[in-house]
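> compute the structure for the input listed below.
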Amino acid sequence: MPETPLILWVRRDLRLADNSMLAQAAASGRPVIPVFILDPEIEALGAAAKWRLGLGVAAFSKALEGIGARLILRRGAALDVLQALVAQTGAGAVHWARLYDPAAKARDTEVKSVLRAAGVEAVSHAGHLLFEPWTVATGQGGFYKVYSPFWRAVKGLDVAVPAAAPARLKAPQVWPASEVLADWQMGRSMRRGADVVARHVNVGEALAQARLAAFLDGPVDNYKEQRDFPAIEATSRLSENLTYGEIGPRMLWHGGMRALHEGRAGAEHFLKELVWREFAYHLLHHTPQITTRNWREDWDSFAWRGDNDDAERWRRGMTGEPFVDAAMREMYVTGTMHNRARMIAASYLTKHLLTDWQVGQRWFAECLTDWDVAANAMGWQWAAGSGPDAALFFRVFNPATQAEKFDPKAAYRHRFIAELAQEPGADALSFFDAVPRAWGLCAKAAYPDRMIALAAGRERALAAYAARNSAKS
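Have a look, this model is predicted:
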């Protein structure tokens with residue numbers, strides 16, 4: 001039925017290229033109606049992620065206009081909205097790209113079941129990952145629980161060449177009504193922080209592709225050696241775009257592979273980091289409890305502290321531990337945090353402060369513009385020692401020695417901590433403009449003393465670890 005419209009339910013795939021679902025829809029010759037739904041799952045996003053998603057939706061809406069289409073905006077439960085659109089437009093099909101967290105899977109399963117029962121074609125597509133999680137298995141048929149063998153299993157697999165952006169989408173005879181994005185106020189919870197973080201975001205497919213090209217043009221050569229130094233622009237910084245699908249993983253993979261074949265020194269390590277994201281989703285699919293409880297059940301007996309005053313100082317970037325505080329302040333100013341800094345901040349909270357990793361996980365979900373459900377959960381459990389392929393609990397990162405090694409000139413710390421710089425720069429001062437006024441922070445105040453001596457914190461963590469082992473035996 002070539003004249004029967006096809007609804008494309010857009011989620012985290014805000015791009016035209018490397019979008020096989022969109023390419024297939026264009027090739028079908030049918031009228032295509034793209035729709036973005038502000039449903040309860042999106043309403044529940046943290047402040048920064050929801051705000052940043054709204055920016056991405058606006059950019060993608062303009063991109064669709066460039067190929068003769070529109071992005072229809074609707075608010076409500078996804079199934080209700082889609083059923084209403086089918087009735088209004090006479091659409092015979094609804095297509096979407098898969099997501100893998102438990103809430104999305106439950107929603108999508110219900111949508112598919114109800115639509116098919118009503119005689120509507122309902123199809124889910126690959127696109128958010130390189131490899132669907134159920135397609136990668138061990139020799140025994142199970143799933144991988146350790147990254148290294150997972151990497152070895154997938155590094156030689158074929159990855160489809162990214163689909164080109166369609167030149168045109170066929171429009172329906174009449175476009176259905178759309179809500180107005182500004183009316184949704186997706187950035188309301190960001191409050192005054194939005195103006196600060198907005199200076200650092202990189203929104204949309206065109207900017208994402210430019211960022212990839214710039215990375216492959218130079219920084220990839222030294223990626224392996226320099227990626228752990230937060231003061232150096234050594235990483236691709238594409239996590240922001242990847243999480244909203246403004247660039248596809250296949251485009252990153254093939255770009256990295258070209259660099260590898262050209263002999264670029266850091267290309268393989270870049271590909272490994274991309275596959276680390278895949279590993280996180282592999283685990284999310286097979287063990288969805290990774291987002292809500294200890295992946296290793298034997299950690300359930302560990303005496304984690306719940307939320308506490310120390311954790312509040314950690315949240316505010318006022319621990320008195322410069323590397324940790326710089327990391328937290330970077331997040332409030334830029335919306336993201338360097339990966340090495342994430343490791344240090346997470347280790348400090350869970351080990352030196354003995355605070356439950358879920359306290360940190362929830363805060364990152366609230367504050368990161370590149371928040372990713374799988375990577376955030378696995379990263380926190382890795383740092384805490386309770387997760388798959390985790391850093392052993394008795395490996396307690398020392399923020400001071402880490403700073404000496406990875407920020408030897410204190411450039412990163414001075415960039416974000418005004419109290420440590422004789423002449424604070426814009427980013428250090430922006431921290432005080434971004435955080436809630438209720439925190440009562442001031443750039444002219446003295447930098448706080450350490451909450452806990454690092455050696456004492458380490459010994460306390462090791463004692464807690466020993467007590468857990470004793471209780472197990």
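
> what about the lengthiest strand in the chain, distance to the chain center?
When the chain is parsed with DSSP state E, its longest strand is strand 32-38. Relative to its chain's centre, strand 32-38 lies at 22 Å (Cα atoms, centre = their mean, to the nearest Å).

> partners of that strand in the sheet?
Strand pairing for strand 32-38, using DSSP bridges, gives strand 6-10 (parallel), strand 72-75 (parallel).

> what's the closest of those strands to residue 265?
Closest approach to residue 265 among the strands paired with strand 32-38 (Cβ to Cβ): strand 6-10, 37.7 Å. Placement of C-beta: from N, CA and C, glycine included.

> tell me, what residue is most central in this protein?
residue 372 (2.5 Å; Cα atoms, centre = their mean).

> need the pLDDT of that one.
The model reports residue 372 with a pLDDT of 97.

> and the strands paired with strand 32-38, which is most packed in?
Ranked by mean neighbour count, the strands paired with strand 32-38 are led by strand 6-10 with a mean of 26 (mean count of other Cβ atoms under 10 Å).

> figure out how far that one is from the centre of its chain.
Worked out by Cα atoms, centre = their mean, strand 6-10 lies 23 Å from the chain centre.

> what's whichever helix or strand comes after it in contact with?
Using DSSP states H and E, the helix or strand that follows strand 6-10 in sequence is helix 20-27. The contact list for helix 20-27, computed with Cβ atoms under 8 Å, 6 or more residues apart in numbering, reads 6, 8, 13, 16, 32, 95-97, 125-127, 160, 163-164, 166, 168-170.

> quick one, which of those residues are buried?
Burial by neighbour count, 16 or more other Cβ atoms under 10 Å: within those this picks out 6, 8, 13, 16, 32, 95-97, 125, 127, 163, 166, 169-170.

> so which of the residues you listed is the closest to residue 431?
residue 13 (33.3 Å).

> from what I see, that closest one and residue 99 are in contact.
No - when contacts are counted by Cβ atoms under 8 Å, residue 13 is not listed as touching residue 99 (9.6 Å).

> now do the shared contacts for the two.
residue 128.

> tell me where the stretch 351-473 of the chain has helices.
In the stretch 351-473 of the chain, the helices defined using DSSP state H, counting those that start in this stretch lie at 357-367, 373-384, 399-406, 411-416, 426-434, 454-472.

> got the contact list for residue 339?
Applying Cβ under 8 Å, 6+ apart, the residues contacting residue 339 are 227-228, 235.

> columns pLDDT and secondary structure on top of the residues you listed, output as a markdown table?
Below are the contacts of residue 339 laid out as a markdown table (pLDDT from 0 to 100; DSSP: H, G, I helix; E, B strand; the rest coil):
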| residue | pLDDT | secondary structure |
| --- | --- | --- |
| 227 | 97 | coil |
| 228 | 98 | coil |
| 235 | 97 | coil |
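
> show me which of those residues is closest to residue 181.
The closest of those, once distances to residue 181 are taken by Cβ to Cβ, is residue 235, at 30.6 Å.

> neighbours of the closest one, how many?
When neighbours are counted by other Cβ atoms under 10 Å, residue 235 registers 21.

> wait, it touches residue 227, no?
Yes - Residue 235 is within contact range of residue 227, at 5.4 Å (criterion: Cβ under 8 Å).

> tally of neighbours for residue 25?
For residue 25, the count of nearby residues is 25 (other Cβ under 10 Å).

> my bad, residue 274
Residue 274, neighbours per other Cβ under 10 Å, totals 18.

> also residue 156?
Other residues near residue 156 number 6, with proximity taken as other Cβ under 10 Å.

> again, but for residue 405
Neighbour number of residue 405 under other Cβ under 10 Å is 12.

> how close does it get to residue 347?
14 Å (Cβ to Cβ, to the nearest Å).

> in a helix, residue 170, correct?
No - when classified by DSSP: H, G, I helix; E, B strand; the rest coil, residue 170 is found to be coil rather than part of a helix.

> of all the strands paired with strand 32-38, which lies closest to residue 420?
strand 6-10 (44.2 Å).

> residue 130 sits in which helix or strand?
Counting by DSSP H and E, residue 130 is part of no helix or strand.

> measure it to residue 290 for me?
For residue 130, the distance to residue 290 - Cβ to Cβ - is 20 Å.

> likewise residue 100?
Residue 100 is 11 Å from residue 290, by Cβ to Cβ.

> residues that sit against both of the two, list them.
With Cβ under 8 Å, 6+ apart as the test, residue 100 and residue 290 both reach 284, 374.

> just the helices of the stretch 351-473 of the chain: most buried one?
helix 373-384 (a mean of 24).

> taking helix 357-367 as reference, get the angle to that helix.
If you take axes from the mean of the first three to the mean of the last three Cα atoms, to 10 degrees, helix 373-384 sits at 140 degrees to helix 357-367.

> contacting residues around helix 373-384?
Residues contacting helix 373-384 (Cβ under 8 Å, 6+ apart): 100-101, 239, 276-277, 279-281, 283-284, 290-291, 294-295, 299, 342-343, 346-347, 350-351, 357-358, 360-361, 364-365, 368, 387-391, 393.

> same thing with stretch 318-329?
Against stretch 318-329 from outside (Cβ under 8 Å, 6+ apart): 230, 310, 313-317, 337-338, 341-342, 344-345, 348, 399-400, 402-403, 407, 410, 412-413, 415-417, 420, 428, 431, 441, 447-451, 454.

> got a list of what residue 95 touches?
By Cβ under 8 Å, 6+ apart, the neighbours of residue 95 are 6-9, 21, 24-25, 122-125.

> how near is it to residue 203?
25 Å.

> could you do residue 167 as well?
Distance from residue 167 to residue 203, by Cβ to Cβ: 23 Å.

> which of these two has more neighbours?
The residue with more neighbours, out of residue 167 and residue 203, is residue 203; 22 against 10, by other Cβ under 10 Å.

> if you drop the residues flanking it in sequence, what lies closest to that one?
residue 55 (4.7 Å; Cβ to Cβ, 6 or more residues apart in numbering).
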